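Show me how the following folds:
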Amino acid sequence: MKQTVIVFIILLSMFTFAVTISGCKKKDPEQQTNEFRATKEPAQSVLGKAYQKAQGVECQSNLSQLRQLMQIKVDETRDESGEAPTFTSLSEIGAPSSVTKCPISKKPYTLNEGNRVTCTFEGHENF
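Purely as a prediction, here's the structure:
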């Protein structure tokens, strides 16, 4: 049992070292700035796929927070007739700027009729 654990740790260390070495290639500055640009193409590497997935989860989280904040503001400002107000921007509801843009495309989220917050990045329409 101990030998299996030791062999596993050695193999894991070797794999980590190999991944680190392969990721340390020198890149020109233009390539570095465009490395994580918004793209519709799926990532090729495992790390790239994990990065894109994490950004998608962050976008979903941002939208969820904004929708919850929107619901709170709508409930607070409903008039006597029960009509919900219509907001024209996310700044009207007091949304922090850190959650008002898609983490991938860096474009601001849109506020549709009916106070629905959406992302315009392809693949995020159903978030």
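
looking at this, residue 59 is in a strand?
No: going by DSSP: H, G, I helix; E, B strand; the rest coil, the assignment for residue 59 is helix, not a strand.

give me every residue that touches it.
102-104, 119, 121, 124, 127 (C-beta atoms under 8 Å, 6 or more residues apart in numbering). From N, CA and C alone the C-beta is placed, and that goes for glycine too.

show me where the protein has helices.
Counting by DSSP state H, the chain has helices at residues 2-22, 29-34, 46-77.

neighbour-wise, which of the contacts of residue 59 leads?
Neighbours here mean other C-beta atoms under 10 Å. Within these, the largest count is held by residue 119, at 24 neighbours.

With adjacent residues omitted, what lies nearest to it?
residue 102 (5.0 Å; C-beta to C-beta, 6 or more residues apart in numbering).

Surely that neighbour and residue 118 touch.
No: when contacts are counted by C-beta atoms under 8 Å, residue 102 is not listed as touching residue 118 (10.1 Å).

Give the intersection of the neighbour lists for the two.
What both residue 102 and residue 118 touch, as defined by C-beta under 8 Å, 6+ apart, is the set residue 109.

What's the end-to-end length of stretch 78-85?
By C-alpha to C-alpha, to the nearest Å, the extent of stretch 78-85 from end to end equals 6 Å.

do you know how far the residue nearest to residue 115 when sequence neighbours are not counted is from residue 6?
The spatially closest residue to residue 115, leaving aside those adjacent along the chain, is residue 70, at 5.3 Å (C-beta to C-beta, 6+ apart). Using C-beta to C-beta, to the nearest Å, residue 70 is found at 55 Å from residue 6.

Many thanks, we can stop here.
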